[in-house]
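Asks: predicted model follows, preceded by the sequence.
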Amino acid sequence: MSDAEHTPAIHDMGGLSRFRCSPVERDEAPPDAFGKRVDALRQILAQKKLMTVDELRRGIESIPEDEYFALTYYERWLTSICTLMLEKGVISAEELQ
Amino acid sequence: MSAPARPESIARLEKLVAALKAKGIVTEQEIADRQASTDRASPEIGARMVARAWLDPEWRALLLRDGAAAAEQMGVSMAGAPPLGVLEDKPGLHHLVVCTLCSCYPRAVLGYPPSWYKSFEYRSRAVREPRAVLAEWGTVLPPDTKIRVVDSTADYRWMVLPMRPAGTEGWSEDRLAALVTRDALVGVALPQVPLAAAAE
C-alpha cells in the first residue's frame, strides 16, 4: 500500500506531525472517580466474556475524529463500551436514553 | 487530558451500570472490589522486580525470559493479562516504551498509566523524536547511545529494566527499589542516586 492510499485512523498517532511542537504535558493526576468506575466496569465485562480488549479498541478506533478529540480518555472508553453492549444486544438503546 | 468527564457522560455511565445491574450482570460490590484491586497495583511492584534483577542473576534471567512468570513469582496475579516483556538497558542502548495507538501499559506491575502516557503528544512524538521527549524529563543520553522505542500493544506489554546506577554497591533490595521510579520503568528517566547517598 502506498502512503497516498493509506490514511491512518486518528488513533494511530505514532509519528504524527501535528503534535511535533507541543511539549508533553506532565499530568500526573490519577484517574478520577468516573474514570476508575469505567475502568472497573470494563474489567468486569471482560471477565464475564461480554467484551474483549480488542473490541474495546475497535470501538475507540471507530470514533470520528472530531469526537475523538472532544472526549476525555475514559469518555472514549465509555463510548466504546456502550457501543459494544448495544451491538451485542446486552442492553437496549432505550436503557441509555 | 485529565479534564473532568462531562455531566452527560457521568449520567450515561450510571444508566449503563443501572441497565447491567438490572440484568444481574454486575453488582455495586463487584465494581468496588475491582476498583480496589486495580488501585493496589503500583510502580513499587515493577521497582522491586528491577531491584531483584540487579541482585540476583537467575531471577534476572527469568525476568528477561518471561516477565509475566516473574511477576507471578512476586505474588502478582497475571491471569487474563497479556504477556509482559522486559527490555534490558545496556551500555550504549536505552529503551523507551510508548503505546502509539492508545494506552497499553503493564498495569499489573505499574498501576494506572499516568495521563501524560496517554497524551496525544507523547504517543505521536516518542517514536519520532525520542531524544526531545526524554529531554523534557531532563534525561539527556550520550549521542552515541542508541534509543530503542518499543510500542506496547493490546497483546504485549513492556517495561524497562534500567541499568543499575554506579555507587550502589552493597545496597539492599529495598534501598535499590527506592531508586526505581515509574518514569524509569517506562524509560523516560534513569534511576538516580541521591547526592547525599552518593557522597557516603
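Replies: Cool, got the structure. Numbers count the residues shown, from 1 in each chain, chains lettered A, B, ... in the order given.
Asks: spatially, what comes nearest to whichever residue of chain A sits closest to chain B if we skip its sequence neighbours?
Replies: Nearest to chain B in chain A, going by CB to the nearest CB, is A:Gly14, at a distance of 3.3 Å. Placement of C-beta: from N, CA and C, glycine included. Residue nearest to A:Gly14 in three dimensions, not counting chain neighbours: B:Thr100, with 3.3 Å by CB to CB, 6 or more residues apart in numbering or on different chains.
Asks: contacts only, for the one you found.
Replies: A:12-15, B:123-124, B:126-127, B:151 (CB atoms under 8 Å, 6 or more residues apart in numbering or on different chains).
Asks: from those residues, which is closest to B:Gly167?
Replies: B:Ala126 (29.3 Å; CB to CB).
Asks: could you report the neighbour count for that closest one?
Replies: Using other CB atoms under 10 Å in any protein chain shown, B:Ala126 has 29 neighbouring residues.
Asks: count of neighbours near the residue lying closest to it once chain neighbours are set aside?
Replies: Leaving out its chain neighbours, the residue that sits closest to B:Ala126 by CB to CB, 6+ apart is B:Val98, at 3.9 Å. For B:Val98, the neighbour count with other CB under 10 Å is 27.
Asks: next one: A:Ala70
Replies: Around A:Ala70 there are 12 residues (other CB under 10 Å).
Asks: any idea how far it is from B:Arg6?
Replies: For A:Ala70, the distance to B:Arg6 (CB to CB, to the nearest Å) stands at 9 Å.
Asks: A:Gly15 now?
Replies: A:Gly15 is 31 Å from B:Arg6, by CB to CB.
Asks: nearest spatial neighbour of residue 18, skipping sequence neighbours?
Replies: I'll assume chain A. Once flanking residues are discounted, A:Arg18 sits nearest to B:Ser124: 7.3 Å by CB to CB, 6+ apart.
Asks: wrong one, chain B
Replies: Nearest to B:Ala18 is A:Glu95, by CB to CB, 6+ apart, at 7.6 Å.
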